[in-house]
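Colleague: Sequence and predicted structure, then a few things I'm wondering about:
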Amino acid sequence: MRAKARAHTNIALIKYWGKRDEKLFLPTNNSLSMTLDQFYTETVVEFNPDLKQDKFILDGIEMNPEETAKVSRFMDKIRRYTGQSHYALIDSINHVPTAAGFASSASGYAALAAAAMKASGVSFSENELSIMARQGSGSASRSIYGGFVEWQKGEKEDGSDCYAVPILEQGAWDLRVLSVEVTHEVKKVLSREGMKRTVETSPFFAGWLEAVAEDLVEAKAAIAKRDFIHLGETLERNALRMHATTLGANPPFMYWQSSTVKVMEAVQALRENGIHAYFTIDAGPNVKVVCQPEDEEQILDALSELDVVQNIYRCKVGPGVSYLEG
Ligand SMILES: O=C(O)C[C@@](O)(CF)CCOP(=O)(O)OP(=O)(O)O
């Protein structure tokens, strides 16, 4: 009745941006990510008949009732799915520098889903695990697998065909991600609210849906051919297209800050000097720079010189979910 799992965070190269069903976390479009090696969450779940409610410990601190209620609602989905009736102790450690702007929700919900499903004692497929993780946070559905992963939006109302599938396993293509943490002033609009407002009010959202489908085809073709320049051009274009939709929302909002743009300009300057670097940005001001191993040091040096850079985390392609002893 106890299990421990580790799941790594992922960076979207083709973005998940918009839901067609808020309750089931069904997206409007397919997305594609790269699991990262540096950042992960380890979670222990222990179902215990003596517990009168779920107990949630995160990084050694017992969470407040509001945080616990959020995790409990997710655990109720697990209990409904597995028939497990007991409450659980959930003990999670995030090896994700939250300041890095990584939505630790991806590794957090993937690790929680894996440990909870395992502890419940039922047998389950990776599709089922991806579907469960998805109902914690959409991007968590992709962290079930390592390497390059596609989350299929599916067509069915019940989301039974909405799960991630592996595209290219870890180790097949050595790319690097420099996660650049910049100074930031204002609180960001959380991705969940940001995509909701965009879907509901941005006239650019229809254009996004057309463009993201084309970008996905390009990205998969580039990955199949290990064509980094083609992948880089596609992922950078896709990130810019995603962020363009927020400018058209009502009220408009923007995740970039001046520090963000300085990093973007530095990446473009690197390319003008013949160094293949491309950036992507999620629901925050931080920038992730994607490159090939041979260029990583040079790019790192160039970015480290920027006064707006607080930290740079060096990542490689990471593994899928694993189950641990203890
Ligand atoms: O990761 C991507 O594809 C792109 C984003 O990071 C934004 F840039 C969206 C992540 O959204 P998530 O936190 O998964 O939302 P939830 O389903 O409302 O929890």
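Modeller: Right, received. Where do you want to start?
Colleague: all contacts plus neighbour counts: C-alpha atoms, from now on.
Modeller: Fine.
Colleague: Which strands border the helix or strand containing Lys4, and is each parallel or antiparallel?
Modeller: Assigned by DSSP states H and E, Lys4 falls within strand 2-14. Sheet neighbours of strand 2-14, with direction, are listed as strand 31-48 (antiparallel), strand 322-324 (antiparallel) (DSSP bridges).
Colleague: Stretch 125-138: which residues count as buried?
Modeller: Buried residues in stretch 125-138, counted by 16 or more other Cα atoms under 10 Å: 126-138.
Colleague: Is any residue of the strand holding Lys4 near the ligand?
Modeller: Yes: judged by Cα under 6 Å from any ligand atom, strand 2-14 and the ligand are in contact via Ala12.
Colleague: pLDDT wise, what is Glu185 at?
Modeller: Here, the pLDDT recorded for Glu185 equals 66.
Colleague: related to what we said a few turns ago, sort out which of the buried residues of stretch 125-138 are in helices and list them.
Modeller: Per DSSP state H, helices hold the following members of the buried residues of stretch 125-138: Glu126, Asn127, Glu128, Leu129, Ser130, Ile131, Met132, Ala133, Arg134.
Colleague: OK, contacts around the nearest residue to the first one once chain neighbours are set aside?
Modeller: Right, the one you point to is Glu126. Excluding its sequence neighbours, the residue lying closest to Glu126 (Cα to Cα, 6 or more residues apart in numbering) is Ile144, at 7.3 Å. For Ile144, the contacting residues are Ala7, Ala110, Glu126, Leu129, Ser130, Ala164, Gly320, Val321, by Cα atoms under 8 Å, 6 or more residues apart in numbering.
Colleague: Roughly how far does Ala88 sit from the ligand?
Modeller: In this view, Ala88 and the ligand are 22 Å apart by Cα to the nearest ligand atom, to the nearest Å.
Colleague: pretty sure that residue belongs to a strand, no?
Modeller: Yes: applying DSSP: H, G, I helix; E, B strand; the rest coil, one finds Ala88 inside a strand.
Colleague: If it is in a bridge, with which residues?
Modeller: Judged by DSSP bridges, the bridge partners of Ala88 are Phe47.
Colleague: what pLDDT does it get?
Modeller: Per-residue pLDDT puts Ala88 at 98.
Colleague: can I assume it is in contact with Asp54?
Modeller: Yes: the pair formed by Ala88 and Asp54 meets the contact definition of Cα atoms under 8 Å, at 4.9 Å.
Colleague: more neighbours, these two?
Modeller: Ala88 (25 against 21; other Cα atoms under 10 Å).
Colleague: How about the contacts made by that one?
Modeller: Residues near Ala88 by Cα under 8 Å, 6+ apart: Val45, Glu46, Phe47, Asn48, Leu51, Gln53, Asp54, Lys55.
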